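Colleague: The following block contains a protein sequence and its predicted model.
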Amino acid sequence: MAEEILQANQPDGVPPLPLTGERTLPDVPAENYWFRRHLAVYEWIAARTKGLRVVDMACGEGYGADLLAREGAASVVGVDANPEAHEHARLRYVRPNLRFERDAVEHFAEPCDAVTFLQTIEHVQDPGAVLEHFKSMLAPDGVAYVTTPNLLTLAPEGAEKSNNPWHIKEYRAEEFLALCEAHFGRVELLGLHHARKLRVHGWALKAGWDNVHQRLGLTKPFYDRFTPAIAASDFRLGDGDLDRALDFLAVCRP
């Protein structure tokens with residue numbers, strides 16, 4: 001049986017969450033790449049939701065809802081059905097403009113200016129119904145921000161799905177765009193890519209870095225330092241080269 005990996009260094013009275021693969025977590029050094037990959041998108045959204053009422057659906061551990069509140073949203077509600085995640089989030093992240101509700105994303109409803117739904121639509125049975133529900137909550141000029149991983153860079157070449165057991169459906173760019181456009185009047189699709197040191201690391205891999213570190217026995221010491229040093233700024237969002245994107249961000253307006 002694999003050893004359970006828990007969050008490190010949690011505040012007093014806050015139960016650490018285990019790393020299960022269903023959600024990403026801060027405070028787990030080996031998970032830092034995935035955490036920062038998610039955080040980069042939350043930071044981009046936070047710059048666009050200042051002064052707005054935001055609902056962060058499937059908020060998980062709560063770090064994203066906390067960031068949105070900290071960066072100036074008028075109010076943020078973090079919604080998650082998991083009891084352990086909800087309890088952790090409400091104890092760890094306390095701000096006057098932030099609260100957490102334990103509920104299913106299909107059921108929770110509150111008028112808002114923005115809905116965020118990051119890296120979760122691939123987990124749901126009826127994504128169209130979920131998008132319609134989000135649209136019903138939004139103000140007339142509201143925005144839903146929805147992300148999902150790119151099938152072409154997540155799954156093995158030619159496969160229709162990765163081996164992630166939590167995912168029901170993984171999308172190509174044109175599939176995800178079509179899904180969102182079926183429920184929203186205007187959709188802009190962006191792609192998340194590596195930047196800065198992750199881009200350099202990608203060049204090194206193409207040049208044969210994998211063979212070098214394995215031959216020299218450097219794999220563990222190198223990645224024990226490299227992975228925790230990854231920052232949100234090592235990712236960038238743009239509208240080009242979507243087939244090579246890591247994740248897609250759909251900016252959806254009614």
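Modeller: Sure thing, it's come through.
Colleague: Tell me which helix or strand in this protein has the weakest average pLDDT.
Modeller: The weakest-scoring helix or strand in the chain, judged by mean pLDDT, DSSP states H and E, is helix 209-216 (a mean of 90).
Colleague: This protein: strands as residue ranges?
Modeller: Along the chain, the stretches classed as strands by DSSP state E are 53-57, 75-80, 98-102, 112-117, 138-149, 186-194, 235-238, 247-253.
Colleague: related to what we said a few turns ago, check which helices and strands the least confident helix or strand of the chain sits against.
Modeller: Of the remaining helices and strands, none touches helix 209-216 by 3 or more Cβ pairs under 8 Å, 6 or more residues apart in numbering; DSSP states H and E. C-beta: built from backbone N, CA, C; applies to glycine.
Colleague: closest one to Ile168 among the strands of the chain?
Modeller: Of all the strands of the chain, strand 138-149 sits nearest to Ile168, with 11.2 Å by Cβ to Cβ.
Colleague: coming back round to it: okay if I get the strands of the chain as a markdown table plus mean neighbour count and distance to Leu17?
Modeller: Shown next, in a markdown table, are the strands of the chain (neighbours: other Cβ atoms under 10 Å; distance: least, Cβ to Cβ, whole Å):
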| stretch | mean neighbour count | distance to Leu17 |
| --- | --- | --- |
| strand 53-57 | 26 | 17 |
| strand 75-80 | 26 | 11 |
| strand 98-102 | 19 | 14 |
| strand 112-117 | 24 | 20 |
| strand 138-149 | 20 | 21 |
| strand 186-194 | 18 | 24 |
| strand 235-238 | 18 | 23 |
| strand 247-253 | 22 | 22 |
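Colleague: As TSV, those strands with distance to Ser162 and mean pLDDT would be great.
Modeller: Below are the strands of the chain laid out as TSV (distance: least, Cβ to Cβ, whole Å; pLDDT from 0 to 100):
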stretch	distance to Ser162	mean pLDDT
strand 53-57	22	99
strand 75-80	23	98
strand 98-102	29	98
strand 112-117	20	98
strand 138-149	8	98
strand 186-194	16	98
strand 235-238	19	98
strand 247-253	13	98
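Colleague: Export these to a markdown table and append columns for distance to Ala159.
Modeller: What follows is the strands of the chain, written out as a markdown table (distance: least, Cβ to Cβ, whole Å):
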| stretch | distance to Ala159 |
| --- | --- |
| strand 53-57 | 28 |
| strand 75-80 | 29 |
| strand 98-102 | 35 |
| strand 112-117 | 25 |
| strand 138-149 | 13 |
| strand 186-194 | 20 |
| strand 235-238 | 24 |
| strand 247-253 | 17 |
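Colleague: who wins for proximity to Lys169 among the ones you listed?
Modeller: Closest approach to Lys169 among these (Cβ to Cβ): strand 138-149, 8.9 Å.
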